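S.K.: task: produce atomic coordinates for the following.
(4 chains)
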Protein chains: 2
Amino acid sequence: MAKKAENEAIDASTEEKIKVAARAVFQKKGYAASRTRDIAQEAGINLALLNYYFRSKEKLFELIMFDTMVNFFQCMTGALDDKNTSFEIKIELLAANYINLCVEFPDIPLFILSEIRNRPENLFDKLPARHLFRSSVFVRQFQEKVAAGEINEPDLLHFVMNMLGLIIFPFISRPFSRIIGGLNDAQFEQLMQERKTLIPAWIKAMFFKENTGNELIK
Amino acid sequence: MAKKAENEAIDASTEEKIKVAARAVFQKKGYAASRTRDIAQEAGINLALLNYYFRSKEKLFELIMFDTMVNFFQCMTGALDDKNTSFEIKIELLAANYINLCVEFPDIPLFILSEIRNRPENLFDKLPARHLFRSSVFVRQFQEKVAAGEINEPDLLHFVMNMLGLIIFPFISRPFSRIIGGLNDAQFEQLMQERKTLIPAWIKAMFFKENTGNELIK
DNA sequence: TTGCTGTTTACTCATTTGATTAAAAAAATT
DNA sequence: AATTTTTTTAATCAAATGAGTAAACAGCAA
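M.R.: The predicted structure follows:
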């Protein structure tokens, strides 16, 4: 018993090892280009064992996809539904949280977006993300600001698109930064760290009316 | 001869039919998930003929990928290297051009980004995009504005990331607008049309200092 | 006519890939 | 020690898939 616990701390359980490997392979190459044999090899086990645990590639993929999305949306729901933080603070939290997540797992955004394109199935339905978002404190605070005339653009969609675009797009277009911008990994991460504070400022500059009293940029 | 010309006007040449079909299938499903048999069927010809014209799936793909990228970058190079337009006008042109392109071919952005992830090969090297961009009038105008103190953020990368993110991200995340935002196709396109004018205004609000004399939003 | 090119049909072929199985070995549990 | 569970080995299977071929044919041109 004690021995097993030790081993799990060092070598994770086999099931977990397979999941970790599957996450890595699927997220990097997408479902269609991933081979179960590669996943098994990456996990340091054999193909038979993979099917012994997860029955099929499809099943394993759905598992990985689901918890990748949960993981991704948790970043949002956690910060956006807090009654005790202001709208402005939520924007800062969102930017910081998502940038941290993307720095750690840079393949996730493109993975989610490409796989959703090919499988528009009920993947979303399983997630409460939609309702959680639409009834969140964040959305209510946005609407209050619109009503109070503090925000220019009344369409929440534009606001969300812009915010997520500013946060996520650099990670999705990483190859362009590398080749056109000539950025190595350290330089890229440096830029992303800067964006944690820049993005909230940019968002305010785009959407908040001047008379709020905030001197935003500089 | 006349008859052949007629046929080509109506039914495009077979080679062209295959390319059109390949573009559609590859752009929608990506390389790994695309089947040559599907492409042949979509083109209304048989598999043998596809190989007769293009030798292999790989060859056909590279062709499609290359001219998709050329097409995509042309949007940029055309507008960005004109000495007779101001920096501000170039931003407006870029937004309008790219949004038009994406409205017409919504799969292109995600296609390019996902396929580049899996094939970081010399795809870029074949394209002069990098040098065309870095030595463009647009970049020079940006640097002049920075030097003149008219722009807050001296890092061109942030500027480009933001602009492209604002333009492209909504198309990449289309499923989210559909499901979370509840947008149908017409409503989505309406939003994108709005963004042709909104994005230049947002960019100015983010990057241009106030004392430029432009009252930007409203 | 003859000959060339594009095209179809109907196979075949080799490889890859997801999945399964049986038997044995190793490890953990009782 | 006995038993159960996990894991490996090695092999096989069936389906999918990219690619190739040979024979026939239609259309057009010389």
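S.K.: can you tell me the closest non-neighbouring residue to A:Phe124?
M.R.: In space, A:Phe124 comes closest to B:Ile179 once its chain neighbours are excluded; the distance is 4.9 Å by Cβ to Cβ, 6 or more residues apart in numbering or on different chains. Placement of C-beta: from N, CA and C, glycine included.
S.K.: now A:Ile18
M.R.: Of all residues beyond its chain neighbours, the one nearest A:Ile18 is A:Ala43 (4.7 Å), with distances taken as Cβ to Cβ, 6+ apart.
S.K.: my guess is the one you found meets A:Glu16, correct?
M.R.: No: distance between A:Ala43 and A:Glu16: 9.4 Å, which falls outside the contact criterion (Cβ atoms under 8 Å).
S.K.: if you count what's nearby, which of these two comes out ahead?
M.R.: A:Ala43 (23 against 12; other Cβ atoms under 10 Å in any protein chain shown).
S.K.: the residue nearest the centre of chain A: what's it in contact with?
M.R.: By Cα atoms, centre = their mean, chain A has its centre lying nearest to A:Phe72, at 3.9 Å. Neighbouring residues of A:Phe72 by Cβ atoms under 8 Å, 6 or more residues apart in numbering or on different chains: A:Leu101, A:Ile108, A:Ile112.
S.K.: got the phi and psi for A:Phe208?
M.R.: For A:Phe208, the backbone dihedrals are phi -90, psi 140 (criterion: degrees, to the nearest 10).
S.K.: now do it against DNA strand D, distance only.
M.R.: When distances are taken as Cβ to the nearest atom of the strand, to the nearest Å, A:Phe208 and DNA strand D turn out to be 51 Å apart.
S.K.: what of A:Ala95?
M.R.: Relative to DNA strand D, A:Ala95 is positioned 41 Å away (criterion: Cβ to the nearest atom of the strand).
S.K.: and for the residue nearest to that residue when sequence neighbours are not counted, the neighbour number?
M.R.: Counting by Cβ to Cβ, 6+ apart, the nearest residue to A:Ala95 once its immediate chain neighbours are dropped is A:Ile199, at 4.5 Å. By the measure other Cβ under 10 Å, the count of residues near A:Ile199 is 24.
S.K.: list the buried residues for the helix or strand in which A:Ile199 is found?
M.R.: Secondary-structure assignment from DSSP states H and E places A:Ile199 in helix A:185-207. Neighbour-count burial for helix A:185-207 flags A:188, A:191-192, A:195-196, A:198-207 (criterion: 16 or more other Cβ atoms under 10 Å in any protein chain shown).
S.K.: got the angle for that helix vs helix B:185-207?
M.R.: Helix A:185-207 and helix B:185-207 are oriented at 100 degrees to each other (axes from the mean of the first three to the mean of the last three Cα atoms, to 10 degrees).
S.K.: quick one: pLDDT of A:Lys83?
M.R.: At A:Lys83, the pLDDT value in this model is 95.
S.K.: quick one, what contacts it?
M.R.: The neighbours of A:Lys83, taking Cβ under 8 Å, 6+ apart as the test, are A:Val137.
S.K.: surely it forms part of a strand?
M.R.: No: with DSSP: H, G, I helix; E, B strand; the rest coil as the criterion, A:Lys83 is located in coil rather than a strand.
S.K.: next one: it from chain B, what distance?
M.R.: Shown here: A:Lys83 relative to chain B, a distance of 22 Å by Cβ to the nearest Cβ, to the nearest Å.
S.K.: for A:Leu157, same thing?
M.R.: From A:Leu157 across to chain B, the span is 5 Å (Cβ to the nearest Cβ).
S.K.: pLDDT score for that residue?
M.R.: According to the per-residue confidence, A:Leu157 scores 97 in pLDDT.
S.K.: how deep is it tucked in, by neighbour count?
M.R.: For A:Leu157, the neighbour count with other Cβ under 10 Å is 18.
S.K.: coming back round to it: OK, contacts around the residue nearest to A:Ala95?
M.R.: With contacts defined as Cβ under 8 Å, 6+ apart, the neighbours of A:Ile199 are A:Ile91, A:Ala95, A:Met163, A:Leu166, A:Ile167.
S.K.: returning to that earlier point: tell me the contacts of the residue nearest to A:Ile18?
M.R.: With Cβ under 8 Å, 6+ apart as the criterion, the residues that contact A:Ala43 are A:Thr14, A:Lys17, A:Ile18, A:Val20, A:Ala21, A:Ala22, A:Leu50.
S.K.: just the buried ones from those residues?
M.R.: In those, burial by neighbour count holds for A:Lys17, A:Ile18, A:Ala21, A:Ala22, A:Leu50, counting by 16+ other Cβ under 10 Å.
S.K.: which members of the residues you listed are positioned in helices?
M.R.: Here DSSP state H is the test, and these give A:Lys17, A:Ile18, A:Ala21, A:Ala22, A:Leu50 as lying in helices.
S.K.: re the thing from before, which among the buried residues of helix A:185-207 gets closest to B:Met65?
M.R.: Closest approach between those and B:Met65, by Cβ to Cβ: A:Phe188, at 24.3 Å.
S.K.: relative to A:Thr77, how far out is the residue nearest to A:Phe124?
M.R.: 16 Å (Cβ to Cβ, to the nearest Å).
S.K.: before we move on, what about A:Ala129?
M.R.: In this view, A:Ala129 and A:Thr77 are 7 Å apart by Cβ to Cβ.
S.K.: neighbour-wise, which of these two wins?
M.R.: Looking at A:Ala129 and A:Thr77 with other Cβ under 10 Å, you find the greater number of neighbours at A:Ala129, namely 19 against 16.
S.K.: contacting residues around the closest residue to the more buried one other than its chain neighbours?
M.R.: Residue nearest to A:Ala129 in three dimensions, not counting chain neighbours: A:Phe73, with 4.6 Å by Cβ to Cβ, 6+ apart. Under the criterion of Cβ under 8 Å, 6+ apart, the contact partners of A:Phe73 comprise A:Leu127, A:Ala129, A:Leu132.
S.K.: run the last query once more with 10 Å
M.R.: When contacts are counted by Cβ atoms under 10 Å, 6 or more residues apart in numbering or on different chains, A:Phe73 is found next to A:Ile112, A:Leu127, A:Pro128, A:Ala129, A:Arg130, A:Leu132, A:Phe133.
S.K.: these into a markdown table, with extra columns for distance to A:Phe171 and pLDDT?
M.R.: Formatted as a markdown table, these follow (distance: Cβ to Cβ, whole Å; pLDDT from 0 to 100):
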| residue | distance to A:Phe171 | pLDDT |
| --- | --- | --- |
| A:Ile112 | 11 | 96 |
| A:Leu127 | 21 | 76 |
| A:Pro128 | 25 | 78 |
| A:Ala129 | 20 | 78 |
| A:Arg130 | 23 | 81 |
| A:Leu132 | 23 | 85 |
| A:Phe133 | 21 | 90 |
